Each structure stands twice: as structure tokens, then as C-alpha cells.
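*Asks:* Here's my sequence, what's the structure:
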Amino acid sequence: MQNYNNFRNLRKMNSINDGTRTLNESIIAPEVLDALNDWKKYQPLQGVLIGGIALSFYVKPRYTTDADFLFLSLDEIPEKIQNFKRHRKSAFEHKKTGVEIEVLTPTHIKVPENVAKIIIETSIEIENIKVASPSGIVASKLFRFSLQDKADIASLLKSYEIDLSSFNIPQKESDIFSNFLNEINLL
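*Replies:* Residues are numbered from 1 along each chain as shown. Here you go, the predicted model:
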């Protein structure tokens with residue numbers, strides 16, 4: 001029976017989340033799962049999960065070795081967390097696994113504060129963690145727009161209606177998004 005359950009979990013991981021895959025089932029590296037479980041045990045609902053793990057909750061999971069949490073200000077970031085050591089100013093390291101938990105503010109990710117506020121407001125609670133919405137993830141990625149960000153955005157666009165109208169995205173990033181939509185529609 002165990003093999004059958006593993007096969008079912010693989011099927012869940014190799015597809016878009018239809019609402020039955022949990023956040024834990026969306027994480028590929030077991031060390032990251034351990035760190036995230038400790039994080040939520042001692043800091044439930046602190047910050048909003050963005051980045052690779054948030055993306056992996058919605059679409060086919062991709063491998064990532066850290067977790068990124070967005071906080072509106074430095075004042076919201078805890079000073080100490082049990083089972084973690086402050087690794088650097090914007091990160092904690094899980095003592096057991098070495099997994100890094102990045103604690104980011106709008107300034108860290110070069111996102112305007114008003115956009116970050118909407119990312120936080122539109123997040124959803126999953127298993128004691130706030131997770132950015134698909135539109136919130138896209139909004140957060142438009143300001144760096146690396147190759148990985150483009151791939152992540154394209155992945156979300158295949159499965160979700162992305163509505164950035166309430167995010168007050170600046171014109172430059174709005175144009176970047178429009179041009180990207182035109183570019184991928186040509187393929």
C-alpha cells in the first residue's frame with residue numbers, strides 16, 4: 001500500500017494543485033519541510049510566504065532550498081526564533097538542517113510598500129502559514145524579473161487568472177508584464 005500512496009503523491013506533485021495537495025506535499029526537499037514546520041510552530045502566521053515554495057503550492061513544484069517570507073517592515077520580523085539562529089540580518093538558519101529562512105521587507109525585494117501591502121492582504125492561510133496568492137507572487141516577481149521569475153510567472157499564467165489591477169503596479173513594471181504577456185502568447 002505504501003508504494004501506491006507514494007505514486008499518488010508523485011501524481012499530485014507533477015501537476016497543478018487542484019486543491020488537494022497540501023503545502024507540505026508541495027515541498028520537495030525534506031530538510032526544507034523540517035525547517036518550515038519548525039518555523040510555523042514558533043512563528044505561526046508571521047510574514048507571508050513568497051518565492052519558490054509559495055509558487056510550488058500552486059503549480060508543479062520546483063526544487064528550492066530555502067523559504068522566503070515577506071514582512072511589511074523590519075519591526076515585524078522577530079529577533080529570535082526557537083530552533084533557528086540569526087544567520088545574517090535578513091535570514092535565519094534552521095539549526096537542525098541548515099535551511100535558510102529569508103525574512104524580507106519591500107526594500108529587500110525592491111517592491112513598493114503599497115504593492116507589498118496588497119501582496120500581504122491578498123495572501124491566504126494554509127496550514128498555519130500565510131501564502132501569497134498567485135497574483136501576489138506575480139506582483140512580487142515583476143520588480144526583479146530574472147529568468148527564474150519569468151519562468152515562475154509563465155507557470156502561474158498557465159493555470160491561474162492573474163489580476164494585478166488592485167496591486168497598483170507602477171507603469172514600468174506594468175509595461176514589463178504586458179510585454180511579457182505578448183511575448184509568451186506569440187510562442
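*Asks:* Which residue is the nearest non-sequential neighbour of residue 81?
*Replies:* Residue nearest to residue 81 in three dimensions, not counting chain neighbours: residue 42, with 5.2 Å by C-beta to C-beta, 6 or more residues apart in numbering. No exception for glycine: its C-beta is placed from N, CA and C like everyone else's.
*Asks:* so what's the one you found up against?
*Replies:* 81-84 (C-beta atoms under 8 Å, 6 or more residues apart in numbering).
*Asks:* what about it, distance to residue 99?
*Replies:* 14 Å (C-beta to C-beta, to the nearest Å).
*Asks:* what do you get for residue 74?
*Replies:* 22 Å.
*Asks:* which one of these two has more residues nearby?
*Replies:* residue 99 (23 against 12; other C-beta atoms under 10 Å).
*Asks:* In this structure the more buried one contacts residue 31, no?
*Replies:* Yes - between residue 99 and residue 31 a contact is recorded at 5.2 Å, counting by C-beta atoms under 8 Å.
*Asks:* Can you verify residue 49 is assigned to a strand?
*Replies:* Yes - applying DSSP: H, G, I helix; E, B strand; the rest coil, one finds residue 49 inside a strand.
*Asks:* What residues are bridge-paired with it?
*Replies:* On the basis of DSSP bridges, residue 49 takes part in beta bridges with residue 69, residue 131.
*Asks:* So it sits against residue 128, correct?
*Replies:* No - look at residue 49 against residue 128 with C-beta under 8 Å: they stay out of range, at 11.0 Å.
*Asks:* So in the chain, where's the weakest helix or strand by average pLDDT?
*Replies:* helix 2-13 (a mean of 46; mean pLDDT, DSSP states H and E).
*Asks:* Next secondary structure after it?
*Replies:* helix 30-42 (DSSP states H and E).
*Asks:* residues of that next one that come out buried?
*Replies:* 32-40 (16 or more other C-beta atoms under 10 Å).
*Asks:* next one: stretch 58-66
*Replies:* Under 16+ other C-beta under 10 Å, the buried positions of stretch 58-66 are 58-61, 64, 66.
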